[in-house]
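Enquirer: what follows is a predicted structure for the sequence shown.
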Amino acid sequence: MKAFWNPLELAHDPQFFLQRGTAKRNFEVPGRAEALLAACREMGLAIVDPGPADPAAILTVHPPDYVEYLRDGWQAWEAMADHGAEMIANIHPSPEMLANGAKRSGTIVGQVGWYHADANPTCRETWVSAEAAAACAIAAADEAASGRHAYALARPPGHHAYAARAGGHCYLNNAAIAAERLRRGGAARVAILDIDSHHGNGTQGIFWERDDVFFASVHGDPNGYYPWYVGHAGERGAGAGAGCNLNMPLARGSGDEAWLAAIGAGLREVRRHGAEALVVSLGMDASRDEPLHFLDITDDGFARAGEAIAASGLPCAIVQEGGYNLDALGRLLRRFLAGFGG
Ligand SMILES: [Zn+2]
């Protein structure tokens, strides 16, 4: 199995994180990628730098104005004499403003709130890392299109990013870009199975009205966990996509059996949908060793999840999402990928 990785993914190093009203050191750190890379080396995976991302592939998911903001916004921010060390929103357009005809601002302070769901910081290096992560997801999708499993060591992660809104450590939705790549590469139907402990709200939003990309997510109940507002079982998609979105929220403290049962149910629906390829949004933050853990998944649980997904028989583009325990990440990746013969 190939593991796609580009060292530019280490450049993004956000500092700010807001938790319960307290500003803390951000834990989406470059060391996460280093730990995962070390595990890939230990497993003997072929580590491949996919080179620059195909800009057209990113634009299949994200509109040009949002990509331009991520790429060039920093220059406008830096041109302000009193700018902070990172771009962080202090206002977002509320639903009332949007209902009253709110428009994108021409100035960077207004744009940061427009393009972010939360206080997710953007730094000078964010774009180069996000673009490099997307390139890894695209390359993994191309492998899956050829019938082979592949792992995209993607950092920053992507599943909380909407088409035109960053959030939750995410900027470009790598899994969505991979799914679009597979679709345009000839797969009539694709599925995304998201087993990060947080709901993949961005991915859900991107494919909400689509019937060609089935989305299934297993995650902590949003009633008590990020992203707080969506991820409920009743959200099934709309329009052509009605019935093509499956959320399986789990109660706080749920363990291996509940998690694996939900993954099994998701895989059955993926098969029923007729998917020809699978994108896996792989987060390790369901682990009981996660610092802010909500679920209680063991190392064996990750191994069994890998085996179950591999047994689906679908070519998988496995795209890295969250997981923040630097001491556990590599071990969990090895256990998960063992099921794929990796
Ligand atoms: Zn997560």
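Expert: Nice, thanks for sending it over.
Enquirer: which positions in the protein make contact with the ion?
Expert: Residues of the chain lying near the ion by Cβ under 5 Å from the ion: 196, 198, 283, 285, 322. (Glycine included, C-beta is placed from N, CA and C.)
Enquirer: what do you get if the cut-off is 6 Å, keeping everything else the same?
Expert: The chain comes close to the ion at residues 196-198, 283, 285, 321-322, as judged by Cβ under 6 Å from the ion.
Enquirer: show the pLDDT at the nearest residue to residue 322 once chain neighbours are set aside.
Expert: Distances taken as Cβ to Cβ, 6 or more residues apart in numbering place residue 283 nearest to residue 322, at 3.9 Å, with adjacent residues excluded. Per-residue confidence at residue 283 stands at 97 (pLDDT).
Enquirer: list the contacts for residue 283?
Expert: Counting by Cβ atoms under 8 Å, 6 or more residues apart in numbering, residue 283 touches 157, 159, 194-198, 320-323.
Enquirer: tell me the most packed of those residues, by neighbour count.
Expert: When neighbours are counted by other Cβ atoms under 10 Å, residue 320 leads these with 34 neighbours.
Enquirer: the nearest residue to that residue once chain neighbours are set aside - how many residues pack around it?
Expert: Spatial nearest neighbour of residue 320, chain neighbours left out: residue 154 (4.6 Å); criterion: Cβ to Cβ, 6+ apart. By the criterion of other Cβ under 10 Å, residue 154 has 34 neighbours.
Enquirer: the stretch 151-300 of the chain: helices as residue ranges?
Expert: Ranges of helices in the stretch 151-300 of the chain, per DSSP state H, counting those that start in this stretch, are 174-184, 201-207, 256-272, 299-310.
Enquirer: what about the longest helix in this structure?
Expert: helix 126-145 (DSSP state H).
Enquirer: from the chain's centroid, how far away is that helix?
Expert: In this view, helix 126-145 has its centroid 12 Å away from the chain centroid, taken as Cα atoms, centre = their mean, to the nearest Å.
Enquirer: same check, this time on stretch 218-232
Expert: 15 Å.
Enquirer: when you give positions from now on, start the count at 6
Expert: Will do, 6 is the new start, and the previous item becomes stretch 223-237.
Enquirer: ok, residues contacting that stretch?
Expert: So stretch 223-237 is contacted by 122, 165, 172-173, 198-206, 209, 222, 252-257, 259, 264, 267-268, 271, 291, 299-300 (Cβ under 8 Å, 6+ apart).
Enquirer: could you list which of those residues belong to strands?
Expert: 198-199, 222, 252-255 (DSSP state E).
Enquirer: list the contacts of the closest residue in space to residue 190 that isn't next to it in sequence.
Expert: If the residues on either side of it in the chain are set aside, residue 190 comes closest to residue 150, at 4.2 Å by Cβ to Cβ, 6+ apart. For residue 150, the contact set (Cβ under 8 Å, 6+ apart) comprises 186-187, 190-192, 282, 320.
Enquirer: does residue 31 touch residue 125 like I think?
Expert: No - if you go by Cβ atoms under 8 Å, residue 31 and residue 125 don't touch, sitting 9.2 Å apart.
Enquirer: report how many residues lie close to residue 115.
Expert: So residue 115, with other Cβ under 10 Å, has 16 neighbours.
Enquirer: give me the nearest residue to residue 65, chain neighbours excluded.
Expert: residue 185 is the one closest to residue 65 (Cβ to Cβ, 6+ apart), at 4.2 Å.
Enquirer: residue 64 is in contact with the one you found, correct?
Expert: No - the pair residue 185 / residue 64 is not scored as a contact, 9.7 Å apart, by Cβ under 8 Å.
Enquirer: buried residues, stretch 118-129. List them.
Expert: With burial defined by 16 or more other Cβ atoms under 10 Å, the residues of stretch 118-129 counted as buried are 119-129.
Enquirer: need these in a markdown table with pLDDT, secondary structure and distance to residue 310, can you?
Expert: Formatted as a markdown table, the buried residues of stretch 118-129 follow (pLDDT from 0 to 100; DSSP: H, G, I helix; E, B strand; the rest coil; distance: Cβ to Cβ, whole Å):
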| residue | pLDDT | secondary structure | distance to residue 310 |
| --- | --- | --- | --- |
| 119 | 98 | helix | 37 |
| 120 | 98 | coil | 33 |
| 121 | 97 | strand | 31 |
| 122 | 95 | coil | 28 |
| 123 | 94 | coil | 28 |
| 124 | 93 | coil | 31 |
| 125 | 94 | coil | 27 |
| 126 | 96 | coil | 31 |
| 127 | 96 | strand | 32 |
| 128 | 95 | coil | 33 |
| 129 | 96 | coil | 37 |
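Enquirer: now for those residues: which two are most distant?
Expert: Taking Cβ to Cβ as the measure, the buried residues of stretch 118-129 span a maximum distance of 21.2 Å, between 122 and 129.
Enquirer: sec struct for the residue in the stretch 206-347 of the chain that the ion sits nearest to, please.
Expert: Nearest to the ion in the stretch 206-347 of the chain, going by Cβ to the ion, is residue 327, at a distance of 3.0 Å. Secondary structure assignment for residue 327 (DSSP: H, G, I helix; E, B strand; the rest coil): coil.
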